[in-house]
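[1] I'll drop the sequence and a predicted model, then ask my questions.
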There are 2 protein chains.
Amino acid sequence: MSSVSITISSKRTAVCLLSGGLDSATALAFARRDGFACYALSFDYGQRHRIELEAAARVARSLGAVEQKTAVIDLRLLGGSALTDAIDVPKDRLASEMSSGIPITYVPARNTIFLSFALAWAEVLGSSDIYIGVNAVDYSGYPDCRPEYIGAFEHMANLATKAGVEGSQRLKIHTPLIDLSKADIIRAGLSLGVDFALTHSCYDPDEEGRACGHCDSCQLRLAGFAAAGTADPVAYRP
Amino acid sequence: MSSVSITISSKRTAVCLLSGGLDSATALAFARRDGFACYALSFDYGQRHRIELEAAARVARSLGAVEQKTAVIDLRLLGGSALTDAIDVPKDRLASEMSSGIPITYVPARNTIFLSFALAWAEVLGSSDIYIGVNAVDYSGYPDCRPEYIGAFEHMANLATKAGVEGSQRLKIHTPLIDLSKADIIRAGLSLGVDFALTHSCYDPDEEGRACGHCDSCQLRLAGFAAAGTADPVAYRP
């Protein structure tokens, strides 16, 4: 009689939203640190900065995600944002301009759509944990980056799913970065093994993928690295 | 000096989720009755019964929708349902089997995803009204057809959007069918001018688009027409 040894991983699974930017890469690293087997979910949503999808794939591999999927959803169909429409990305804005009001780069209901897909995948996987790299400090102008929004989504999600209705499992939306400054996020990412050279943040990269250094996202990133006292390893165009 | 007269419609706009089935057609008719200029939103989500997309276009035209858009989102990517996966659609189930538990035709987080897209379009249009034909009577097994779920989505949506944050507009999710039986829905639809011959409900139609008459959706539809005392005008295969 032969003995067969079967090893079943006891790791719990988490769905991790991964854009390829430094925030979502760090959120994925938090999920890994928390002991989850990570399923990374990215979106091809008609964004101009599609190079971030390549960054997402690199980051998922680098941080040991079990699987990465990219959902194609054409948000250009609905319009309304500089990131998907023929509207210019604003450049060289002051921090005060960035933090007041809701920026033109806001994509209507984007996080709600992304979290909805994460919820669907979590339900299929039998997972009760979703990680999202939202941040209420630098992105205070985005309504769907605030803790009260995340809490409301979590409440809704627990009424939307089989597991929630049957009471067998409570879904949790993890937002490990929500109260961190950009510098804190960079420090946390470095300590958790994120290779920021693999990430991409620029809203308006050139053909070679080099960052512009002037859009809101580049400016927040550069200021964050400066405040963290370390150099940004990605390439900027001269 | 010439005089130019410009007429701007003062009608408020509503985004109406429209699958092409009889419920969503009736919900659209309610929105029209409520005085809204209707923007119909359909989804090509990898469903097997794609013929319903043609039905949605016919229904939108017939009920005078200002515009109809079809968002392509591949839910097959995530799997988990008989409507999108290689799982057999159940046939000839008893009413008691249909109403107990959550059916295999349930698509994980489908209404959450659909409502999220509706929310995005509503935000772009400046609309504060969304219509969805969910029904808690015949679809009691679907967690995302219950009033408490809809209320939680509405609450979340008002925290997710510019208008909600600025307090300038409160988003409302209208569910005119939620407490109606299938027979009531059919009667209401007929009184509101819905041509049910244009609608499509079957989960498993043949190549000519004829309904099977045996899946849960056909059985609910046929029982509804019988209870309403009128004939279903769509074609069933022999």
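    Cool, the structure landed.

[2] for the rest of this, base every contact and every neighbour count on C-alpha atoms.
    Fine.

[3] list of residues touching the helix of greatest length in chain A?
    When chain A is parsed with DSSP state H, its longest helix is helix A:110-125. Helix A:110-125 is contacted from outside by A:13-17, A:41, A:43, A:128-130, A:144-145, A:153, A:157, A:161-163, B:78-80, B:108-110, B:112-113, B:116-117, B:120, B:160, using CA atoms under 8 Å, 6 or more residues apart in numbering or on different chains.

[4] avg pLDDT for that helix?
    For helix A:110-125, mean pLDDT is 93.

[5] can you count the residues close to residue A:41?
    Using other CA atoms under 10 Å in any protein chain shown, residue A:41 has 23 neighbouring residues.

[6] how much space between residue A:113 and residue B:131?
    According to CA to CA, to the nearest Å, residue A:113 and residue B:131 sit 18 Å apart.

[7] more neighbours: which of these two?
    Just comparing residue A:113 and residue B:131: by other CA under 10 Å the higher neighbour count belongs to residue B:131, 26 against 22.

[8] with just CA atoms, put the longest helix of chain A into CSV.
    The C-alpha atoms that make up helix A:110-125 are tabulated as CSV, following Å, rounded to 0.1, in the frame of the first residue of the first chain:
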residue,chain,number,x,y,z
ARG,A,110,-14.2,54.0,-10.4
ASN,A,111,-13.4,52.5,-7.0
THR,A,112,-17.1,51.4,-6.8
ILE,A,113,-16.7,49.6,-10.1
PHE,A,114,-13.3,48.1,-9.1
LEU,A,115,-14.5,47.0,-5.7
SER,A,116,-17.6,45.4,-7.3
PHE,A,117,-15.4,43.2,-9.5
ALA,A,118,-13.2,42.4,-6.6
LEU,A,119,-16.4,41.4,-4.7
ALA,A,120,-17.4,39.1,-7.5
TRP,A,121,-14.0,37.4,-7.7
ALA,A,122,-13.9,37.1,-3.9
GLU,A,123,-17.3,35.4,-3.9
VAL,A,124,-16.2,32.9,-6.6
LEU,A,125,-12.9,32.2,-4.7
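
[9] what angle do that helix and helix B:110-125 make?
    Interaxial angle of helix A:110-125 relative to helix B:110-125 (axes from the mean of the first three to the mean of the last three CA atoms, to 10 degrees): 170 degrees.

[10] and the next helix or strand past helix A:110-125?
    Remark: after helix A:110-125, the chain's next helix or strand is strand A:129-131, criterion DSSP states H and E.

[11] does any part of that following strand sit near chain B?
    No. Contact of strand A:129-131 with chain B (CA under 8 Å from any CA of the partner chain) is absent, the minimum separation being 14.0 Å.

[12] so for residue A:208, what's the pLDDT?
    Confidence at residue A:208, expressed as pLDDT, is 86.

[13] a helix runs through it, doesn't it?
    No. Counting by DSSP: H, G, I helix; E, B strand; the rest coil, residue A:208 falls outside a helix, being coil.

[14] how close does it get to chain B?
    Distance, residue A:208 to chain B, by CA to the nearest CA, to the nearest Å: 30 Å.

[15] also residue A:159?
    5 Å.

[16] residues touching residue A:127, list them.
    A:12, A:13, A:14, A:15, A:171.

[17] swap the cut-off to 6 Å and go again
    Counting by CA atoms under 6 Å, 6 or more residues apart in numbering or on different chains, residue A:127 touches A:13, A:14.

[18] next one: residue A:73
    Counting by CA under 6 Å, 6+ apart, residue A:73 has contacts A:45, B:73.

[19] got it, and residue A:23?
    Contacts of residue A:23 (CA under 6 Å, 6+ apart): residue A:133.

[20] can you pull the residues of chain A lying near chain B?
    A:73, A:78, A:80, A:108-109, A:112-113, A:116, A:120-121, A:124, A:143-144, A:149, A:152-153, A:156, A:159-161 (CA under 6 Å from any CA of the partner chain).

[21] okay, and residue A:134 sits in which element?
    Going by DSSP H and E, residue A:134 is not in any helix or strand.

[22] that one contacts residue A:145, correct?
    Yes. With contact defined as CA atoms under 6 Å, residue A:134 counts as touching residue A:145 (5.3 Å).

[23] between these two, tell me which one has more neighbours.
    residue A:134 (26 against 23).

[24] how close does residue A:190 sit to residue B:135?
    According to CA to CA, residue A:190 stands 50 Å off from residue B:135.

[25] now swap in residue A:165 and tell me
    Taking CA to CA, one finds residue A:165 at 16 Å from residue B:135.

[26] equivalent analysis for residue A:199, please.
    According to CA to CA, residue A:199 and residue B:135 sit 44 Å apart.

[27] same deal with residue A:225?
    Distance of residue A:225 to residue B:135, given as CA to CA: 52 Å.

[28] which of these two has more residues huddled nearby?
    Set side by side, residue A:225 and residue B:135 show more neighbours around residue B:135, with 23 against 20, by other CA under 10 Å.

[29] who's in contact with the nearest residue to the more buried one once chain neighbours are set aside?
    Excluding its sequence neighbours, the residue lying closest to residue B:135 (CA to CA, 6 or more residues apart in numbering or on different chains) is residue B:178, at 4.1 Å. Contacts for residue B:178 (CA under 6 Å, 6+ apart) come out as B:134, B:135, B:136.

[30] list the residues that contact residue A:13.
    By CA under 6 Å, 6+ apart, residue A:13 lies in contact with A:36, A:37, A:38, A:127.

[31] what's the answer for residue A:149, then?
    By CA under 6 Å, 6+ apart, the residues touching residue A:149 are residue B:159.

[32] kindly recompute the last result at 8 Å.
    Taking CA under 8 Å, 6+ apart as the contact definition, residue A:149 lies against A:143, B:156, B:159, B:160.

[33] what about the strands in chain A?
    A:13-17, A:37-44, A:67-72, A:129-131, A:172-174 (DSSP state E).

[34] mean pLDDT lowest for which of those?
    Among these, strand A:67-72 carries the lowest mean pLDDT, at a mean of 92.

[35] so for it, what gets flagged as buried?
    Residues A:68, A:69, A:70, A:71, A:72 are the ones in strand A:67-72 that count as buried (16 or more other CA atoms under 10 Å in any protein chain shown).

[36] so in that sheet, which strands flank it, and in what orientation?
    strand A:37-44 (parallel) (DSSP bridges).

[37] now the partner strand, how far from the centre of its chain.
    Computed by CA atoms, centre = their mean, to the nearest Å, the chain-centroid distance of strand A:37-44 equals 9 Å.

[38] what's the weakest-modelled helix or strand in chain A?
    Ranking every helix and strand in chain A by mean pLDDT, DSSP states H and E puts helix A:95-99 at the bottom, with a mean of 55.

[39] distance check, residue A:175 against residue B:107.
    Separation of residue A:175 from residue B:107 (CA to CA): 26 Å.

[40] neighbour-wise, which of the two wins?
    residue B:107 (25 against 19).

[41] low-confidence regions, chain A specifically.
    Chain A contains residues with pLDDT under 70 at A:1-10, A:48-49, A:79-91, A:93-106, A:138-141, A:167-168.

[42] try 80 this time
    In the prediction, chain A carries residues with pLDDT under 80 at positions A:1-10, A:46-50, A:74-76, A:78-108, A:137-142, A:161-169.

[43] tell me where it has helices.
    With DSSP H applied, chain A shows helices at A:22-33, A:51-62, A:95-99, A:110-125, A:147-160, A:162-166, A:182-191, A:216-228, listed in chain order.
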